[in-house]
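Novice: When you get a sec, could you give me coordinates for this:
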Amino acid sequence: MIKNITKMIKNNRVLNTGKLKGKTLFITGASRGIGKAIALKAAADGANIVIAAKTAEPHPKLPGTIYTAAKEIEAAGGKALPCIVDVRDELQVRQAVQKAVEVFGGIDIVVNNASAISLTPTDKTEMKRFDLMHQINVRGTFLVSKECLPYLKKSDNAHILNLSPPLYLKPHWFSKHVAYTISKYGMSMCVLGMAEEFKSFNIAVNALWPRYAVSTAASAMIRGKESSNFTRTTDIMADSAYYILTRGPECTGNFFIDQKLLKQAGVTDFVHYACKPENADSLYLSLFEDEEDDEVHAKL
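Specialist: Take a look at the predicted model:
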């Protein structure tokens, strides 16, 4: 499989191949950040993008709405369908799925990107915050996948991609923020189970996670605005997602790490992915990643 992927690399950047032209992607949280970056990468192929996110009105602190994202997607070459969706709301999810099918004729790919985060210890985690993380991260992922399933079964290139970490059962990843870790691992357990469950339907189910921190609203919240000097752009996740989503259904059940995947695909220089190229050797590791985990996970 890798020998085919290497043809997609030029000057250490991922080339669009047109393989997603006409495919419909249902992406949660696609109004900004990683979700929007994946949408724009697919749009360059001429894909249809369902922007399933909550932000319909400008946020006082965060850039972008489902409508501004739609304009960018269409400018990039895709077709956009902005839908106001809170993934906790079963009716909103179902209506967005039905609208996507009505407008585009089906759904080929689901990207479960929407997520809530609170890196708090047990005694500092309010139950409403616990519930929020589990309702968005775990329940939302399960719900969106479930509602899209009837249409994925009809696709000739069906994928579910969860933005969730490998299942490292290391105590230190639980001890500091057990509620958040459980919620993200719940998304990864959906990958583990659904990949096997959906094999007979030729639906690929995978997870993708960054090796180093990516510059998003969440990373700025965790480390402060200046943290962007030591993070990567969302392009690395968009390129990695594109690789995965253009594979066949046999590529399933993987917990991909962006850098490891792209290395195996032929990328030899990652400096251009750094927000500040001069700091490319001093990047923050992402959550659930540590130095000894560099050589694990993807079974291409």
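Novice: Could you pull out the strands in the stretch 1-150 of the chain for me?
Specialist: Along the stretch 1-150 of the chain, counting by DSSP state E, counting those that start in this stretch, strands occupy 9-10, 13-14, 24-28, 48-53, 79-84, 109-112.
Novice: One more: the stretch 151-300 of the chain?
Specialist: Under the criterion DSSP E, counting those that start in this stretch, strands of the stretch 151-300 of the chain are mapped to 158-162, 203-209, 255-257.
Novice: Who are the packing partners of the helix ranked longest in the chain?
Specialist: With secondary structure taken from DSSP state H, the chain has its longest helix at helix 178-197. Under the contact criterion of 3 or more C-beta pairs under 8 Å, 6 or more residues apart in numbering; DSSP states H and E, helix 178-197 touches helix 127-133, helix 140-152, strand 158-162, helix 172-175, strand 203-209. Where you see a C-beta, it was placed from the backbone N, CA and C, and this is true even at glycine.
Novice: Would you mark the buried spots in that helix?
Specialist: Residues of helix 178-197 classed as buried by neighbour count (16 or more other C-beta atoms under 10 Å): 178-191, 194-195.
Novice: how close does the closest residue to Val87 other than its chain neighbours sit to Ala52?
Specialist: Once flanking residues are discounted, Val87 sits nearest to Gly140: 3.2 Å by C-beta to C-beta, 6 or more residues apart in numbering. Gly140 sits 10 Å away from Ala52, taking C-beta to C-beta, to the nearest Å as the criterion.
Novice: neighbour-wise, which of the two wins?
Specialist: A count of neighbours by other C-beta atoms under 10 Å puts Ala52 above the other of Gly140 and Ala52, at 33 against 25.
Novice: ok, now which ones touch that one?
Specialist: Contacts of Ala52 were listed using C-beta atoms under 8 Å, 6 or more residues apart in numbering, and they are 26-30, 83, 85, 87, 93, 96, 114, 144.
Novice: next one: Asn229
Specialist: Contacts of Asn229 were listed using C-beta under 8 Å, 6+ apart, and they are 275-276, 279.
Novice: Which one (most neighbours) among those residues?
Specialist: Counting neighbours by other C-beta under 10 Å, Cys275 comes out on top of the contacts of Asn229 with 18 neighbours.
Novice: That one touches Arg232, doesn't it?
Specialist: Yes. The criterion here is C-beta atoms under 8 Å, and Cys275 meets it with Arg232 at 6.5 Å.
Novice: so what sits against both of the two?
Specialist: Contact with both Cys275 and Arg232 is made by residues Ser215, according to C-beta under 8 Å, 6+ apart.
Novice: pretty sure Met133 is in contact with Val178, am I right?
Specialist: No. With contacts defined as C-beta under 8 Å, Met133 does not count as touching Val178, sitting 10.9 Å away.
Novice: Find me the pLDDT at Asn4, would you?
Specialist: Per-residue confidence at Asn4 stands at 52 (pLDDT).
Novice: same deal with the one 4 residues further on?
Specialist: You'll see Met8 listed with a pLDDT of 76.
Novice: Just confirm it contacts Gly18, I think it does.
Specialist: No. Between Met8 and Gly18 there is no contact, the gap being 10.9 Å when judged by C-beta under 8 Å.
Novice: Tell me which of these two has more neighbours.
Specialist: When neighbours are counted by other C-beta under 10 Å, Met8 and Gly18 differ, and Met8 comes out ahead with 18 against 12.
Novice: check contacts around that one.
Specialist: Met8 sits in contact with 14-15, 17, 243, 246, 265, where contact means C-beta under 8 Å, 6+ apart.
Novice: now the strands of the stretch 1-150 of the chain as a markdown table including distance to Gln259?
Specialist: Shown next, in a markdown table, are the strands of the stretch 1-150 of the chain (distance: least, C-beta to C-beta, whole Å):
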| stretch | distance to Gln259 |
| --- | --- |
| strand 9-10 | 14 |
| strand 13-14 | 13 |
| strand 24-28 | 22 |
| strand 48-53 | 26 |
| strand 79-84 | 30 |
| strand 109-112 | 19 |
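Novice: ok, now how distant is the closest residue to Gly64 other than its chain neighbours from Leu25?
Specialist: The spatially closest residue to Gly64, leaving aside those adjacent along the chain, is Arg32, at 4.1 Å (C-beta to C-beta, 6+ apart). Applying C-beta to C-beta, one obtains 16 Å for the distance of Arg32 from Leu25.
Novice: How about Val97?
Specialist: Counting by C-beta to C-beta - Val97 and Leu25 are separated by 13 Å.
Novice: Same check on Gly186?
Specialist: Following C-beta to C-beta, the distance that separates Gly186 from Leu25 is 23 Å.
Novice: just Met194 next, same as before
Specialist: If you go by C-beta to C-beta, the gap between Met194 and Leu25 works out to 17 Å.
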